[in-house]
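Student: okay, predicted coordinates and the sequence, questions at the end:
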Amino acid sequence: MTGGGTDALRGRTVVVTGGARGLGAATARAAAAAGARVLVTDVLEDEGRAVAGELGDHARFVRHDVTSEDDWRAVVDLAERTCGGVHGLVNNAGISGGSHALEEQTAEAFRRVVDIDLTGVFLGLRTVVPAMRAGGGGSVVNVSSAAGLTGLARTAGYGAAKWGVRGLTKIAAVELAADRIRVNSVHPGMIHTPMTAHLGIPGGDGGYP
Ligand SMILES: NC(=O)c1ccc[n+]([C@@H]2O[C@H](COP(=O)([O-])OP(=O)(O)OC[C@H]3O[C@@H](n4cnc5c(N)ncnc54)[C@H](O)[C@@H]3O)[C@@H](O)[C@H]2O)c1
């Protein structure tokens with residue numbers, strides 16, 4: 001996905017989950033700058049509407065919890081009814097789940113981060129893929145993390161989920177290639193966003209959320 005005012009995504013519709021702020025909002029802006037219609041989705045309604053409003057007529061906000069299959073269905077239905085389908089999906093929504101030693105992370109907290117960061121990506125794939133296939137193909141970008149490439153202490157739930165996103169991406173890429181659907185993961189290092197702002201690393205590095 002390219003930005004910078006090119007026309008690379010003209011005529012395409014891109015769904016960006018967690019698009020209300022941080023990396024998702026930046027992705028939505030880049031997709032719009034490349035000419036896409038953008039569905040900005042998030043559980044944060046005011047922030048999500050503000051981002052979509054900033055992008056003008058070609059963007060729309062949808063309240064969407066990525067752990068809800070019904071919400072996913074509603075996003076795809078809207079895209080098919082009003083935007084000519086779904087051509088791009090950026091599975092960006094996520095939480096860090098905090099920093100805990102493994103034995104201090106509760107099962108509930110572990111399940112919560114896996115539910116949003118991994119199961120949310122799975123639900124997105126299984127809901128969006130039929131629409132993409134019907135449209136002749138598409139591209140899915142799953143936002144994992146550098147924590148999905150290495151063993152990072154104190155991230156049992158988050159790291160497991162992000163490793164899971166990497167594996168799920170490879171499985172989906174192999175399964176869906178014949179349908180002309182590309183599936184890739186990206187693995188950012190530390191980036192200053194609302195998720196990481198409390199760490200006091202403006203523009204810095206030295207760990208992964
Ligand atoms: N910031 C970093 O340094 C960094 C590094 C590597 C990976 N990532 C990943 O990038 C993605 C974006 O992170 P960010 O730093 O912009 O964080 P952020 O907290 O600023 O943004 C995440 C967005 O996801 C939304 N969200 C959370 N739970 C949701 C749910 N159940 N349904 C829908 N939306 C939900 C939040 O409301 C928020 O708007 C995440 O997947 C994160 O794990 C971030």
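Tutor: Thanks, I have it. Everything quoted here is computed from the prediction, not taken from an experiment.
Student: need the three-state assignment for the residue of the chain positioned farthest from its centre.
Tutor: Distance from the C-alpha centroid of the chain peaks at Glu103, with 28.5 Å (Cα atoms, centre = their mean). Secondary structure, DSSP: H, G, I helix; E, B strand; the rest coil: Glu103 is helix.
Student: helix/strand/coil for Val40?
Tutor: Val40 ends up strand, using three-state DSSP.
Student: residues in contact with the residue nearest to it when sequence neighbours are not counted?
Tutor: In space, and not counting its chain neighbours, Val40 is closest to Gly19: 3.6 Å by Cβ to Cβ, 6 or more residues apart in numbering. (Glycine included, C-beta is placed from N, CA and C.) With contact taken as Cβ atoms under 8 Å, 6 or more residues apart in numbering, Gly19 is in contact with Ala25, Thr27, Ala28, Val38, Val40, Thr41, Asp42, Gly48, Val51, Ala52, Phe61, Asn92.
Student: just those that are near the ligand?
Tutor: With Cβ under 6 Å from any ligand atom as the criterion, the contacts of Gly19 include Asp42, Asn92 near the ligand.
Student: list just the nearest of the contacts of Gly19 to Trp72.
Tutor: Thr41 (9.3 Å; Cβ to Cβ).
Student: give the contact list for the residue nearest to the closest one when sequence neighbours are not counted.
Tutor: Nearest non-adjacent residue to Thr41, counting by Cβ to Cβ, 6+ apart: His64, 3.6 Å away. His64 makes contacts with Thr17, Thr41, Asp42, Val43, Asp71, Trp72, Ala74, Val75, as judged by Cβ under 8 Å, 6+ apart.
Student: Ala146 too?
Tutor: Leu152, His187, Pro188, Gly189, Met190, Tyr208.
Student: again, but for Thr41
Tutor: 15-19, 48, 61-64, 66, 75, 93.
Student: report the two of the residues you listed separated the most.
Tutor: Going by Cβ to Cβ, the pair spanning the contacts of Thr41 furthest: Phe61 and Val66, at 14.7 Å.
Student: flag every buried residue along the longest helix along the chain.
Tutor: Identified as the longest helix of the chain according to DSSP state H is helix 156-176. For helix 156-176, a neighbour-count test (16 or more other Cβ atoms under 10 Å) marks 156-166, 168-169, 172-173, 176 as buried.
Student: same question for stretch 187-200.
Tutor: Under 16+ other Cβ under 10 Å, the buried positions of stretch 187-200 are His187, Met190, Ile191, Met195, Thr196.
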